[in-house]
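> Got a predicted structure plus its sequence, pasted below:
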Amino acid sequence: MEEMIRWFGPCFGAAMVIYWLYRYHSEKTNDQDKMMVSTRDSMADNESTNKYGDMTTQQMLERVMKNVGCHINMCKENDGEFHITYQGEHFTIAYSEGNHFIVIYDIAWYSAELDDIDNLSIVRQAVNLCNQQNSSTVLYTIDKENNCVNVHTRQNVVFGSYIPDLDEYFRSRLEDSFRQHHNFFRCLETSRKEQYV
């Protein structure tokens, strides 16, 4: 028994050393694995952000617009403008090199006759309601030549290679204009109901 106790002490000590070495090695391996995953994730983030890094604003816009399925026409008359078609809607994109903002215009997507004073009042109310509810600005202009009021959408949008997933971000800005169309028609209907109650 005494001899067994003498052997038990060193064996137990050796087992403890092996256990702690195994545990230390496992934790170190887990830390290295976590570090590799973290490094890989940050490299992927940088890749998606930096795929536009060395481009001019014009080149970035052209690439992004093609990626989201826009039909592009360069504006010959005005430098710093694109005319695009996205899902059947016509947009104008205004930009300038070195500026962190672009402006997205959705021009004349609704018209009303100037002679219909009641309807004109309702359009104005709907425009004001829309501007309280969305990030895109809805505005109207008077076209005396065609005797109508045209409703437009305008967005000032941050734009640069530092934006993660720039393609999806740009697509969401274009689609915000469609949301504003829907919002406008809903506000128009609400204003009509209020006026005729």
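Thanks, I have the structure now. Numbering: from 1, shown residues only.
> for the record, mean pLDDT for the longest strand seen in the chain?
When the chain is parsed with DSSP state E, its longest strand is strand 101-113. What strand 101-113 shows for mean pLDDT is 95.
> Quick check: which helices or strands does that strand pack against?
Strand 101-113 sits against strand 89-94, helix 117-131, strand 148-158, helix 166-195, with contacts defined as 3 or more Cβ pairs under 8 Å, 6 or more residues apart in numbering; DSSP states H and E. In this view, the C-beta of every residue, glycine as well, is placed from N, C-alpha and C.
> That one pairs with which strands, and in what direction?
Here strand 101-113 has these sheet partners by DSSP bridges: strand 89-94 (antiparallel), strand 148-158 (antiparallel).
> Name the surrounding residues that touch the last one.
To tie it back to what came earlier, the one meant is strand 148-158. The contact list for strand 148-158, computed with Cβ atoms under 8 Å, 6 or more residues apart in numbering, reads 100-114, 120, 123, 127, 135-143, 173, 176-177, 180-181, 184.
> how does it look with 7 Å?
Applying Cβ atoms under 7 Å, 6 or more residues apart in numbering, the contact partners of strand 148-158 are 100-114, 120, 123, 127, 136-143, 173, 176-177, 180, 184.
> repeat for stretch 83-103
If you take Cβ under 7 Å, 6+ apart as the criterion, stretch 83-103 is touched by 56-58, 61, 65, 69-73, 75, 80-82, 104-107, 154-160, 174, 177.
> how far does that stretch stretch from start to finish?
Taking Cα to Cα, to the nearest Å, stretch 83-103 runs 12 Å from one end to the other.
> Pull out the buried residues from it.
Residues of stretch 83-103 classed as buried: 83-84, 86, 89, 91-95, 102-103 (neighbour count, 16 or more other Cβ atoms under 10 Å).
> Nearest to Glu189 among those?
The closest of the buried residues of stretch 83-103 to Glu189 turns out to be Glu89 (Cβ to Cβ; 20.9 Å).
> Who does the closest one form a beta bridge with?
Note on Glu89: beta-bridge partners Tyr86, judged by DSSP bridges.
> swap in Arg154?
Tyr105, Thr137.
> can I get the strands paired with strand 101-113 in TSV with distance to Tyr169?
Formatted as TSV, the strands paired with strand 101-113 follow (distance: least, Cβ to Cβ, whole Å):
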stretch	distance to Tyr169
strand 89-94	14
strand 148-158	9
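> State the pLDDT value of the residue minimising distance to the centre of the chain.
Most central in the chain under Cα atoms, centre = their mean is Tyr169, positioned 2.1 Å from the mean C-alpha point. We have a pLDDT of 95 for Tyr169.
> Alright, that wraps it up for me.
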